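>>> Okay, predicted coordinates and the sequence, questions at the end:
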Amino acid sequence: MKKFLGLLVVILLALTIFPLYGMSATPKYGGIIRTAVMSDPPTLDPAHITDTTSDMVARQIFDGLVDYDENLKIVPVIAKNWTISKDGKVYTFNLRQGVKFHNGREVTAEDFKYSWERVMNPATKSERANFMEDIAKVEAPSKYVFKVTLKEPRGYFLQMLPYSCFWVVPKEEVEKSGADFGNKPVGSGPFKFVSWTHDDKVVLEANKDYFAGRPYADGVEIRIIPDETVIIMELEKGNLEWYENIPPSEFTRLSEDPKWKDNIISKPELGTYYIGMNCQKPPLNNKLVRQAINYAINREQIIKTIMRGMVQPATGILPPGIPGYSKRAPIPYDPEKAKRLLKQAGYPDGKGLPTLELAFNKNATHQRIVEAIQADLKKVGINVEPMQMDWAQYLEKVDRGETQLFRLGWIADYPDADNFLWVLFNSKNWGPPGNGAYYKNAKVDELTDRAKTMVQSAARNSLYKQAESIILEDAPWAPIYFYTSWAIKQPYVEGFTFSGMGPFTVALEKVWLNK
Amino acid sequence: MINYIIRRLFLTIPTIIGIITITFLLMYVVPGDPVRILMGQRGDPATIAMIRKEMGLDDPIMTQYFRFLWNILRGNFGRSYATNRLVLPEILSRFPATLKLALASMVIATTIGIGAGIVSATKQYSFFDYSSMVIALMGVSAPVFWVGLLLMWIFGYSLGWLPISGYGGITYLILPAITLGVRPAAYIARMTRSSFLEILRQDYIRTARAKGLSERRVIYVHTLRNTLITVVTILGMEFAGLLSGAVLTETIFAWPGIGRLSVDAIMKRDHPMVQGTVLFTAIIFIFANLIVDISYAFLDPRIRYE
């Protein structure tokens, strides 16, 4: 019996240990993580970053007070912890000691004060200076305490802080490099800048003194390859470790390939693809026409045939995952209802309705979507003429309200409903600040203004829910789909994760190569 | 000859000023604000106004124009609006990659083009003549991106003999150089053939043959040299074109050349970078034209420049 029990224990132990052994190996140090981006980053200076390509590269070099975790929860980085005053206006961050810039100097509260004031200073010409407009003052009361006072409480303030303009830069390096700081950046992040051959590659090396421990990889090489077909070829040949996107044309093939199907990672992204409608221009100033357009678009078909099922049909303005999101029924495809609404608006079968311009920026996928919408609208009697433009010209036209229908996508700057509902629908933001539909509803203005100053709470979310319902009823947009992030990696790449903001937020210091 | 060159160089000054002025006006009238593009999709009007003021974009057009001319005279091309990098070093840093690609593709184009052209002409209506001219026609018609992707797929992806894309040693150069060389090779082959055939029918060729010169000498000395005038004209323009960038080839093969830089600058309404790349291209074309004109005198002793 004793012998039998002994054997049983051995078997049980083996069963317990072996699966664990097979599942997760000990992380290995060494190797270079190679990836690609489609365009040369415009800059690596946190004060000037506005695009995700620059952000992805620069976030390996720089750190901020806080960051998002995989579930978009705010987690400490250089800030050890923080307190928020009762009135929601004063944020006091206690900084970690011993965090060092790549030049060896310790990061202190003065550095944060300098970095943030640099963004606010007009001489810096920071494109994100307005992200600081809620701040009354920044102070460094002691070496490791950084204090921020807001003009008014802002429920989303902490959620904004992972944005690049809030990262810390060393004053002496900025002053030494001057306008070229964005070309040879020095930060305190997990990787150090080594070289940058424009339109070719950016090379980084592991920061062995990183406060959270050295990264597993020895370095990172980010190649600039403008064609996604070529990027996928390079990945398949083993020349890249991962890539932050999968082109729809390659999706079916890769997702069915046994080598890749388990190495494709997807997450809902905080973004909505939509057709905007200029609410000030006839006939789109008529709510019924806008509603008819919403019912006439076959979203499921667009997603199935053009997007290969890589995204989810939009059910509202706010994408899932954002605080304040409320689950809603899908916007139905109902051409008959669209026709009824048109009739009610005084355009039976579209008679008397002028041809509407549908503007979009040059891109093969946008073009296919626009053409599908054109065909859908034609079925209910709405004639649409697609107008293709380059981005610069397009943006100007939308800003000036010179478009009737226009295609755009909005991806959150920070995970908060304010970044959608206030930015894109408050009438203070007509034109360039975000409200390209020139939409105005006094109740929406009031709700979004009020929610802006409230701290994160159920009451605040309920205001956003009300505002979103009104907006959907007014239909200044025809939301088409909610974005989904896709990334693809080699089977030997371990520890690869990114936040709901998108694959550009990948923490490469946690990635290791199991080969 | 020296006087001619000096005179031609002086004549380039008004040409360059004209090019600068036209580019400046074009960038001014074309829709799209460079600062607005910098902001991304959402642009805060106050921030846009602040940056435009700092960049001097709100000044009257004449002030901006003369400031720009004055800066250029002092060798200051300014900084890119989009990247804040100095324009001239940025263009010059791309030049080695562009030059390498242009030279390699011209060597391929000239060797194949002249070779195929001569054989086709001397063996007119032969199988080689027909097949090489059909291939040349395909070469002229085939889109660059298609040729590039096909070569990449065969030799990089499927066979793995050469790198798929990127910038580096000679192995990285082969596929883009062939891609870029195909069209000029086909063009040169067709022009060499027709020019060769025309010269072969000249009286002086009949005379050369009548006086008993070997066919080899007739072809390589008497005919080829006269054909070269046409070929050199094409070569000059093609080479100048390649030196100002080959955007499709550079894009497919991720080659960091001037073509990508210029197109990107135009898309972003990056005025200083557009001015810089246009000026650079103009100077290359002016010098290429000058060199072609001078080479005529060496190739054809009847041509003299006073």
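Yep, that arrived. Numbers count the residues shown, from 1 in each chain, chains lettered A, B, ... in the order given.
>>> number of nearby residues for the spatially closest residue to B:N71 that is not a sequence neighbour?
Leaving aside its sequence neighbours, B:N71 sits nearest to B:G78 (Cβ to Cβ, 6 or more residues apart in numbering or on different chains; 6.2 Å). C-beta coordinates here come from the backbone N, C-alpha and C atoms, glycine included. Applying other Cβ atoms under 10 Å in any protein chain shown, we find 18 residues neighbouring B:G78.
>>> B:G78 reaches B:V87, doesn't it?
Yes - B:G78 is in contact with B:V87 according to Cβ atoms under 8 Å; the separation is 5.6 Å.
>>> Please identify every residue contacting each of these two.
Both B:G78 and B:V87 are contacted by B:P272, under the criterion Cβ atoms under 8 Å, 6 or more residues apart in numbering or on different chains.
>>> What ranges in the chain fall below the confidence cut-off?
I went with chain A, as the question did not name one. When residues are selected by pLDDT under 70, those of chain A lie in A:1-24.
>>> wait, I meant chain B there
Along chain B, segments meeting pLDDT under 70 span B:304-306.
>>> Tell me where it has helices.
B:2-29, B:34-38, B:45-55, B:61-73, B:87-122, B:127-141, B:144-151, B:170-200, B:203-210, B:215-217, B:224-243, B:247-252, B:258-267, B:271-299 (DSSP state H).
>>> Next up, the contacts around residue 217.
With no chain named, the answer covers chain A. By Cβ under 8 Å, 6+ apart, A:A217 lies in contact with A:Y29, A:G30, A:G31, A:I32, A:I33, A:A206, A:L508, A:E509, A:V511, A:W512, A:L513.
>>> Chain B, not that one
So B:R217 contacts B:A208 (Cβ under 8 Å, 6+ apart).
>>> Same check on A:G30?
So A:G30 contacts A:Y216, A:A217, A:D218, A:L513 (Cβ under 8 Å, 6+ apart).
>>> Count the residues that sit near the closest residue to B:I252 other than its chain neighbours.
Counting by Cβ to Cβ, 6+ apart, B:I252 lies nearest to B:G148, which is 4.1 Å off, once chain neighbours are set aside. Per other Cβ under 10 Å, the neighbour tally for B:G148 reads 26.
>>> quick one on the thing from earlier: closest one to B:N289 out of the contacts of A:A217, please.
Lowest distance from B:N289 to the contacts of A:A217 (Cβ to Cβ) belongs to A:I32, with 46.7 Å.
>>> number of nearby residues for the closest one?
15.
>>> One more: the one 10 residues further on?
Here the count is done by other Cβ under 10 Å, and A:P42 has 25 residues near it.
>>> and what of A:F406?
Other residues close to A:F406 by other Cβ under 10 Å number 24.
>>> Quick one: residues contacting it.
A:F406 is in contact with A:I275, A:G276, A:N278, A:L358, A:A359, A:F360, A:Y394, A:K397, A:V398, A:G436, counting by Cβ under 8 Å, 6+ apart.
>>> can you do 10 Å?
By Cβ atoms under 10 Å, 6 or more residues apart in numbering or on different chains, the contact list for A:F406 reads A:274-278, A:357-361, A:370, A:387, A:389, A:394, A:397-398, A:436-437.
>>> Leaving out sequence neighbours, find the closest residue to A:Q280.
Nearest non-adjacent residue to A:Q280, counting by Cβ to Cβ, 6+ apart: A:Y438, 4.5 Å away.
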